[in-house]
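Undergrad: With the input below, show me the fold.
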Amino acid sequence: MSDEEPSTFRPFVFTVVEDDGVNVTIEISDEDYQADLAAGIDEEATMKPGRHKFKRGGFLARHPELKIKEEKSA
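TA: Presented below is the predicted three-dimensional model:
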């Protein structure tokens, strides 16, 4: 364990509410948020209770130059 890792490990717990393959909505319960804080996880290092929306593949959509090029078979 490095000096930067917390001494108490707690996996990130959430519920997937919606996932259409591109857009994902997760929900963090107040109970799981409070358990993170009780485990010693800094408030700034965990997600607040509620629903949070994400978009899959957003990084590569913004940086197409980093996509792996498919090789053409001869």
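Undergrad: those strands in the chain, which residues are they?
TA: Shown for the chain, the strands assigned by DSSP state E span residues 15-19, 23-28, 50-55.
Undergrad: So which of these is the most surrounded?
TA: A comparison of the strands of the chain by mean neighbour count, using mean count of other CB atoms under 10 Å, puts strand 23-28 on top with a mean of 15. For the C-beta atoms, the positions are set from N, CA and C on the backbone; glycine is no exception.
Undergrad: thinking again about what came up before, Throw the strands of the chain into CSV and include distance to Q34 and mean pLDDT, thanks.
TA: Formatted as CSV, the strands of the chain follow (distance: least, CB to CB, whole Å; pLDDT from 0 to 100):
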stretch, distance to Q34, mean pLDDT
strand 15-19, 16, 96
strand 23-28, 11, 96
strand 50-55, 13, 95
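Undergrad: Which one of these lies nearest to G40?
TA: Across the strands of the chain, G40 has its closest neighbour in strand 23-28 (17.4 Å, CB to CB).
Undergrad: Taking strand 15-19 as reference, get the angle to that closest one.
TA: Relative orientation of strand 23-28 and strand 15-19, computed by axes from the mean of the first three to the mean of the last three CA atoms, to 10 degrees: 160 degrees.
Undergrad: Excluding chain neighbours, what is closest to R51?
TA: Nearest residue to R51 in three dimensions, chain neighbours excluded: E27, at 5.0 Å (CB to CB, 6 or more residues apart in numbering).
Undergrad: ok so, going back, would you format the strands of the chain as CSV with distance to I68 included?
TA: CSV is the format used below for those (distance: least, CB to CB, whole Å):
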stretch, distance to I68
strand 15-19, 24
strand 23-28, 23
strand 50-55, 20
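Undergrad: still on that earlier bit, looks like the residue nearest to R51 contacts Y33 (just checking).
TA: No: the pair E27 / Y33 is not scored as a contact, 10.8 Å apart, by CB atoms under 8 Å.
Undergrad: Show me the contact partners of the least confident helix or strand in the chain by mean pLDDT.
TA: One helix or strand of the chain scores below all others by mean pLDDT, DSSP states H and E: helix 58-62, with a mean of 83. Helix 58-62 is contacted from outside by 55, 66-67, using CB atoms under 8 Å, 6 or more residues apart in numbering.
Undergrad: All set now, cheers.
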